[in-house]
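Trainee: Predicted model and sequence follow; I will ask about them next.
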Amino acid sequence: MDAGQDAHFQLMKRLLVIIPLSTILILLVLCVVLGVNLYEAKRELRALREQAAPAMAVGQASGAEEQSGELYTASGVNEFRRDVSDEDGAVPDAEDGIRKVYLTFDDGPSGNTGEILDILAEYDVKATFFVVGKEEEKYQPLYKRIVEEGHTLAMHSYSHKYNEIYQSRESYVEDLTKLQEFLYNTTGVWCRYCRFPGGSSNTVSRVDMHELIDYLEEQDMSYFDWNVSSGDASSAYISPDAIVRNSTARLQEFQEAIILLHDASDKDSTVEALPKLIEQIQAMEDTKILPITDDTEAIHHISND
Ligand code: ZN
């Protein structure tokens, strides 16, 4: 081997080492860059979810998120439509060709319950009330009216205090049992339908929500989230028209729609929106407004399935 050949050979040998090494190095750098990007993206997603979920579900969002009722609910509908579309058959499947719409009122009874019940009676519509525990004398007839007038009496929470009920499985069970017994003593109805305060996808619970869902399943109770938010959870003012728009804008896309509304004394817009909302739903083809029953397909934001 002459000197030229030897140098050539040495170079080839070096290249054979350098090329794979640098390839590995480049791949490693790429992995790190992609990993950092993924981490950032996940963090942003989590932040966005935390912003969005309590805004719609808990109704305790900061003012900025709630300034526009339309904006507020447009995102809410999108969010939950994605969650429920494949699992819960919320996308039209024309099972019996009838679209089922459930009006659900959280947080009552309140100073507005009577009026809500009057409007429902006027339109001969049955709804579902996810109530809280209120011992004051003036509220007792309202629990009874809900039952007597054919609506579904369902459980929300006795105290509705997130920091108490979501402390542990025991505290949730204690609160719910207290409500169940209170409602039984008041109306004679043993309620089996629940709605978690903030929904099953709330981000405030200290207990894993799957544990609480487990409990409900053990007790043969069902929970119902929603796939349409009226936007009336906002603490800022929302016009009755915005509530109607929010509630109906995407209704055509669902074969089954559970609309989230609130029964609270500071939510007059909901009461004012109700006649128009009912009229618009009733004007839709092949659409029925129904109370939640055992036949209702539950909408779940999260589930144990
Ligand atoms: Zn509530």
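Mentor: Received, thanks.

Trainee: residues in the stretch 151-300 of the chain within reach of the ion, list them.
Mentor: P197 (Cβ under 5 Å from the ion). Just so you know, the C-beta spots here come from the backbone N, C-alpha and C atoms, and that holds for glycine as well.

Trainee: mind listing the helices for the stretch 151-300 of the chain?
Mentor: Applying DSSP state H, counting those that start in this stretch to the stretch 151-300 of the chain gives helices spanning 162-165, 169-187, 209-218, 240-248, 268-282.

Trainee: Now do the third one against helix 169-187: the angle between them, please.
Mentor: The one in question is helix 209-218. With axes from the mean of the first three to the mean of the last three Cα atoms, to 10 degrees as the basis, helix 209-218 and helix 169-187 are set at 40 degrees to each other.

Trainee: Show me what helix 209-218 is packed against.
Mentor: Helices and strands touching helix 209-218, by 3 or more Cβ pairs under 8 Å, 6 or more residues apart in numbering; DSSP states H and E, are helix 169-187, strand 222-223.

Trainee: Let me see the mean pLDDT of that helix.
Mentor: The average pLDDT within helix 209-218 is 98.

Trainee: buried stuff in it?
Mentor: 209, 212-213, 215-216 (16 or more other Cβ atoms under 10 Å).

Trainee: what's T113 in contact with, if anything?
Mentor: 129, 139, 142, 145-146, 263 (Cβ atoms under 8 Å, 6 or more residues apart in numbering).

Trainee: quick one: contacts for the closest residue in space to L274 that isn't next to it in sequence?
Mentor: Nearest residue to L274, sequence neighbours excluded (Cβ to Cβ, 6 or more residues apart in numbering): I119, at 4.8 Å. I119 makes contact with 271, 274-275, 278, according to Cβ under 8 Å, 6+ apart.

Trainee: Among these, which one has the most neighbours?
Mentor: Within the contacts of I119, neighbour counts (other Cβ atoms under 10 Å) peak at L274, which reaches 27 neighbours.

Trainee: List of residues touching stretch 278-290?
Mentor: Contacts with stretch 278-290, where a contact means Cβ under 8 Å, 6+ apart, come from 97-103, 119-120, 123, 125-127, 244, 248, 251-252, 296.

Trainee: Among the residues you listed, which lie within strands?
Mentor: 99-103 (DSSP state E).

Trainee: will you turn those into JSON lines that also has neighbour count, pLDDT and distance to L25?
Mentor: Below are the ones in strands among the contacts of stretch 278-290 laid out as JSON lines (neighbours: other Cβ atoms under 10 Å; pLDDT from 0 to 100; distance: Cβ to Cβ, whole Å):
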{"residue": "R99", "neighbour count": "21", "pLDDT": "97", "distance to L25": "59"}
{"residue": "K100", "neighbour count": "19", "pLDDT": "98", "distance to L25": "60"}
{"residue": "V101", "neighbour count": "24", "pLDDT": "98", "distance to L25": "60"}
{"residue": "Y102", "neighbour count": "25", "pLDDT": "98", "distance to L25": "59"}
{"residue": "L103", "neighbour count": "27", "pLDDT": "98", "distance to L25": "62"}
